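**Q** What shape does this take:
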Amino acid sequence: MAAAPGARIDHLVTSGTFRLDGGSWDVDNNVWIVGDDAEALVIDAAHDATAIAEALGGRTLRAIVCTHAHNDHVDAAPALSELTGAPILLHPDDLPLWKMTHPDRAPDGELADGQIVTVAGVQLTVLHTPGHAPGAVCLYAPELGTVFTGDTLFQGGPGATGRSFSDHPTIVRSIKERLLTLPLETEVRTGHGDSTTVGAEIPHV
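**A** From the prediction side, this is the model:
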């Protein structure tokens, strides 16, 4: 199935601080916007709600989708929701992490494995890929030849698993069963750093 006319992926990088287990690190995050000239969804509202809203350029924001709830991926989500009226969607297994950053503001809806999120005629399938975080998800858009992997899979291999709520054998299983089974040419758009492909990452997992 071909993507709807005008459907595209926009990208911006925002900068801020990742905090967990008493440590803090300066990080640059990828924010992905999928849509057309009329509507869009945001994958991971990181750090700067104003910059993300400007990148939308007046389009209707249908949803703010969180690949997981580490603070650097969700810190700007409530503010972006306030600016746009868009609901925040998160897998419920990541609520403990979410509450560390936003104890007084719950997400608006849940993500579930196999769920389809549609925007601008493009279908994105939610793949539950725990390991980096319990409720980590990836979003597979076959019409765009792309999977958005958050911090589950990077150029060079799996995301980090050395902190609370993470587990290395679990992330490796998620990647092998849910991501490396996708077409090898599928572009992997990550939460940090450069994009890669499914085929290029097989030797690194």
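
**Q** how far away is the residue most central in space within the chain from residue 23?
**A** By Cα atoms, centre = their mean, the chain has its centre lying nearest to residue 67, at 3.4 Å. From residue 67 across to residue 23, the span is 21 Å (Cβ to Cβ, to the nearest Å). Heads up, the C-betas are built off the backbone N, CA and C, glycines and all.

**Q** Quick check, the residue nearest to the centre of the chain in contact with residue 153.
**A** No. Contact status for residue 67 versus residue 153: not in contact, 10.8 Å apart, counting by Cβ atoms under 8 Å.

**Q** so what pLDDT did residue 1 get?
**A** pLDDT, residue 1: 44.

**Q** Number the chain from 144, please
**A** Understood, numbering begins at 144; the last thing we discussed is residue 144.

**Q** How about the residue nearest to the centre of the chain: what's its closest non-neighbour residue?
**A** residue 293 (2.7 Å; Cβ to Cβ, 6 or more residues apart in numbering).

**Q** what residues are up against the one you found?
**A** Contacts for residue 293 (Cβ atoms under 8 Å, 6 or more residues apart in numbering) come out as 186, 187, 210, 211, 216, 275, 279, 280, 281, 302, 333, 334.

**Q** Mind putting these into a markdown table with pLDDT and secondary structure?
**A** Below are the contacts of residue 293 laid out as a markdown table (pLDDT from 0 to 100; DSSP: H, G, I helix; E, B strand; the rest coil):
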| residue | pLDDT | secondary structure |
| --- | --- | --- |
| 186 | 99 | strand |
| 187 | 98 | coil |
| 210 | 99 | coil |
| 211 | 98 | coil |
| 216 | 98 | helix |
| 275 | 98 | coil |
| 279 | 98 | coil |
| 280 | 99 | strand |
| 281 | 99 | strand |
| 302 | 98 | coil |
| 333 | 98 | strand |
| 334 | 98 | coil |
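
**Q** what about residue 305, how many neighbours?
**A** Applying other Cβ atoms under 10 Å, we find 7 residues neighbouring residue 305.

**Q** again, but for residue 171
**A** For residue 171, using other Cβ under 10 Å, the count is 13.

**Q** ok so it is a helix residue?
**A** No. Under the criterion used here (DSSP: H, G, I helix; E, B strand; the rest coil), residue 171 is strand, not part of a helix.

**Q** I figured it hits residue 160, correct?
**A** No. Between residue 171 and residue 160 no contact is recorded; they are 11.0 Å apart, counting by Cβ under 8 Å.

**Q** Look at residue 314 and give its secondary structure.
**A** Residue 314 - assigned by three-state DSSP - is helix.

**Q** Tell me which helix or strand the nearest residue to it once chain neighbours are set aside sits in.
**A** Spatial nearest neighbour of residue 314, chain neighbours left out: residue 274 (2.4 Å); criterion: Cβ to Cβ, 6+ apart. According to DSSP states H and E, residue 274 maps onto no helix or strand at all.
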